[in-house]
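Student: Sequence first, then the predicted structure:
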Amino acid sequence: MDRIKMFFACMLCLAQCACGSGRAAVQTDTYTLDTASIPQNTQTIEKILGDNVWNYDADSLTFGNDLIISGEGENFALICAASAEAGIDTKRLEKGAKQTMLATVRLLNSDMSDAGTAYFAFSGKELLCGYYMYNNVCRSLTDKYPFEYAAPFAAVEKKDVSRSFSQVSSKPLFDSVQYISGGETAVLSGSAIVFYGSGENGLKRRGIIECEDSLMPVSAAKGGDFVCMLLDSYETADAAGSDYEVSEDGPDIVNKKSVKIVFTDKNGGTVLPEIPLDLSIYSAVDVLDDRHIAAVRNNVIDVFEYNGGWTKSGRLAIDAAAEKMRAADIDGDGTAEYVISDGVNIYVYTGTDRLKLAWRTKFGVSTVKDFFIADLNGDGVKEIYVNDSNGFAVRYVLGAGGFEVCGGGITDGENAYYAAGDIDGDGADDHLSVSEEEMKINK
């Protein structure tokens, strides 16, 4: 077969892409594959895929020859643009390379299904380009799991719909929130969970659950008539031995382990049987409905079902090493989406038996402190409100092209913490912000 008349069109043919035409001068001689550069080139590929949090089949990585002098045309432009978006310098590529080493590797979704094929070209140990093909489209490696908008979301945000709020200010009562739902605001305070209800001048304390010694609440969520809590056991540094240093602020907590999920009322009375945990550390729990809860640990969401007792009914794979999780029906289609934070980015997963990563942020700098899901404008589609470590909160709304920032920052960066949910129990979502000096409640 004649050589393809454009740069790396052979790669596009492998992916059965026919998205344009191009031309290239043809090199007809052959050369031996430079196997000495393969180990370093493998490390380069692994780093790029790792930096962009890709799953891939390492056994599918192959290297071969490609002889090209230069190229132009639509496909060539797409390859250059996709590579540049991933931070790959394409100047050498655009000038032309007589001999290239072509590497391909199969990309995988979190459930190990096919996510496309990645292509990398090298001149010796120099990376010339890198991109991937998915559904016959050339994509940047930073564009991970692009939206397939025929399926994921049933509705988008109505940006012309708004609500008005009345604001009440009071002294700050806490600096973080577990949940706001049904007129109840729950916060963690040391080894206790404190509950607040809506009062005339702000929030009024309504209940507290004190945990037993050596148990600490990690995460809490509200069910229909119960509070679901994830509890960790722990040792203090002074009790664990001399290998640990005790800070001036008190003993550091070490040797944490998730031990159980409990279901109580606001005073700590048992409502449902507990779930003993025999695995490692879980980081968050949420209620899906009156019979199902979800608990996340590392890259797995475990779903538990209640039928007179709790049994594990499902295990869902995710890409992020989760630190926080909230489940909510964002688009109003009757099925909850899973929203995950790994401390750096936000990930939105859709599906039931098998999850698909539908969208993610690409912050890479600021750390995600917390996030909330609420419908503050009352249009039936929920927004995501993200707190970062710099004291800023950002509103993400669901648009035709995925979630997008709408209205800029909400808080001013002065160590503010933003939370949203139904504060007063009227069925409509409200919001509050807390700083060192005051708490502002909008309902």
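Tutor: In hand now; what should we look at? Numbers count the residues shown, from 1 in each chain.

Student: and the gap between Y396 and W359?
Tutor: Y396 sits 9 Å away from W359, taking Cβ to Cβ, to the nearest Å as the criterion. For glycine as for every other residue, the C-beta is placed from the backbone atoms N, C-alpha and C.

Student: which residues are in contact with both of the two?
Tutor: F403 (Cβ atoms under 8 Å, 6 or more residues apart in numbering).

Student: what residue is smack in the middle of the chain?
Tutor: Y347 (2.3 Å; Cα atoms, centre = their mean).

Student: From D34, how far off is it?
Tutor: 39 Å.

Student: mind checking how far stretch 291-304 is from the chain centre?
Tutor: Its chain's average C-alpha position is 15 Å from that of stretch 291-304, according to Cα atoms, centre = their mean, to the nearest Å.

Student: so how far does it reach from one end to the other?
Tutor: 8 Å (Cα to Cα, to the nearest Å).

Student: Now it: buried residues?
Tutor: Judged by neighbour count (16 or more other Cβ atoms under 10 Å), stretch 291-304 contains these buried residues: 292-297, 299, 301-304.

Student: which of the residues you listed sit farthest apart?
Tutor: H292 and N299 (20.3 Å; Cβ to Cβ).

Student: hang on, the earlier thing: nearest to Y132, of the buried residues of stretch 291-304?
Tutor: Nearest to Y132 among those is N299, at 21.2 Å by Cβ to Cβ.

Student: pretty sure the closest one is touching R315, no?
Tutor: No: assessed by Cβ atoms under 8 Å, N299 is found out of contact with R315, at 10.6 Å.

Student: Tell me which stretches of the stretch 251-400 of the chain form strands.
Tutor: Applying DSSP state E, counting those that start in this stretch to the stretch 251-400 of the chain gives strands spanning 253-264, 270-276, 284-289, 292-297, 300-306, 310-317, 324-328, 337-341, 346-350, 356-360, 368-374, 383-388, 393-399.

Student: Let's see stretch 310-322 as PDB, backbone CA atoms only.
Tutor: C-alpha atoms of stretch 310-322 as PDB (Å, rounded to 0.1, in the frame of the first residue of the first chain):
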ATOM      1  CA  TRP A 310     -28.500  -3.700  55.200                       C
ATOM      2  CA  THR A 311     -26.700  -5.500  52.300                       C
ATOM      3  CA  LYS A 312     -24.200  -4.300  49.800                       C
ATOM      4  CA  SER A 313     -26.100  -4.200  46.500                       C
ATOM      5  CA  GLY A 314     -23.700  -2.500  44.200                       C
ATOM      6  CA  ARG A 315     -20.100  -1.300  43.600                       C
ATOM      7  CA  LEU A 316     -19.500   1.500  41.200                       C
ATOM      8  CA  ALA A 317     -16.100   2.400  39.800                       C
ATOM      9  CA  ILE A 318     -15.000   6.000  39.500                       C
ATOM     10  CA  ASP A 319     -11.800   7.700  38.300                       C
ATOM     11  CA  ALA A 320     -11.200  10.100  41.200                       C
ATOM     12  CA  ALA A 321      -9.800   9.200  44.600                       C
ATOM     13  CA  ALA A 322     -12.800  10.700  46.300                       C
END
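
Student: how much distance is there from it to the middle of the chain?
Tutor: Using Cα atoms, centre = their mean, the offset of stretch 310-322 from its chain centre is 14 Å.

Student: Pull out the buried positions in it.
Tutor: For stretch 310-322, burial by neighbour count (16+ other Cβ under 10 Å) applies to 310, 316, 318-320, 322.

Student: Please apply the same query to stretch 200-220.
Tutor: Across stretch 200-220, burial judged by 16+ other Cβ under 10 Å covers 202-203, 206-207, 209, 211, 215-220.

Student: Then stretch 367-376?
Tutor: 368-376.

Student: what two of those residues are the furthest from one another?
Tutor: Greatest spacing in the buried residues of stretch 367-376, by Cβ to Cβ: K369 and D375 (21.8 Å).

Student: Is the nearest residue to V105 once chain neighbours are set aside in a helix, a strand, or coil?
Tutor: The shortest distance from V105 to any non-neighbouring residue, by Cβ to Cβ, 6 or more residues apart in numbering, is to L61 (4.4 Å). When classified by DSSP: H, G, I helix; E, B strand; the rest coil, L61 comes out as strand.

Student: And K47, by the same measure?
Tutor: Quick answer, by three-state DSSP: K47 is helix.

Student: F120 versus that one, what's the distance?
Tutor: Distance, K47 to F120, using Cβ to Cβ: 11 Å.

Student: Same check on V303?
Tutor: 38 Å.

Student: And for T100?
Tutor: Counting by Cβ to Cβ - T100 and F120 are separated by 10 Å.

Student: now I88
Tutor: 9 Å.

Student: about what we covered before: quick one, what contacts the residue nearest to the centre of the chain?
Tutor: Under the criterion of Cβ under 8 Å, 6+ apart, the neighbours of Y347 are 318-320, 339-341, 357, 359-361.

Student: Out of those residues, the closest to K382 would be?
Tutor: V339 (9.6 Å).

Student: Could you double-check that that closest one sits in contact with I384?
Tutor: Yes: assessed by Cβ under 8 Å, V339 is found in contact with I384 at 6.4 Å.

Student: what do the two both touch?
Tutor: What both V339 and I384 touch, as defined by Cβ under 8 Å, 6+ apart, is the set 330, 346, 348, 371, 373.

Student: quick one: pLDDT of the first one?
Tutor: At I330 the predicted local confidence, pLDDT, stands at 94.
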